[in-house]
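# here is a sequence with its predicted model. Questions after.
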Amino acid sequence: MAPPSTSLAGHNFCRSFPEGMISLEVQPCRLIFRIQGALHSEHIVGIIGEARAAGLLQEDHFSALVDMRDFTGVIDWKVIPKINDVMPKGDYCGNKNAYIVRDEFFAMLAKVNVALFPNTEHATFHNEEEAVKWLGWA
């Protein structure tokens, strides 16, 4: 596997791999997470850990938009606890996570995340406009 290219500019963090791309955009009280291509679950854990180490995910007071429409990889369910280990826990009760998915299989992720982040409200959508409106960002 070729090494990833990495960029960290301001509050944006993006990694490109031969298999696809992951980006994080951090704004006050907001996180936009986009996953594209046939990435491995370890890539997802890696970027979250690196963004946290870079100081981008120190706060746990944010709502998130997770765009998985272009994700064609396989979800390794054993990696989900690793994501929980590196991601802030969302203990602030006002947090919301909106997942944009292309099908109901990926909508299951929201249900899994309810157990990992019980104080965060979770919902799935098929387009960004509905997700942004639900998050109250529109």
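Looks like it came in fine.

# helix or strand with the lowest mean pLDDT in this structure?
Every helix and strand of the chain was ranked by mean pLDDT, DSSP states H and E. The lowest is strand 5-9, at a mean of 40.

# could you give the backbone dihedrals for residue 108?
For residue 108, the backbone dihedrals (degrees, to the nearest 10) come out as phi -60, psi -30.

# tell me which residues touch it, please.
By Cβ atoms under 8 Å, 6 or more residues apart in numbering, the contact list for residue 108 is empty. Backbone N, C-alpha and C define where each C-beta goes, glycine included.

# same thing but 10 Å
For residue 108, the contacting residues are 75, 77, 99, 101, 124, by Cβ atoms under 10 Å, 6 or more residues apart in numbering.

# how about the second one: what's its closest non-neighbour residue?
This means residue 77. Closest residue to residue 77 in three dimensions, ignoring its sequence neighbours and counting by Cβ to Cβ, 6 or more residues apart in numbering: residue 112, at 7.8 Å.

# count the neighbours of the one you found for me.
15 (other Cβ atoms under 10 Å).
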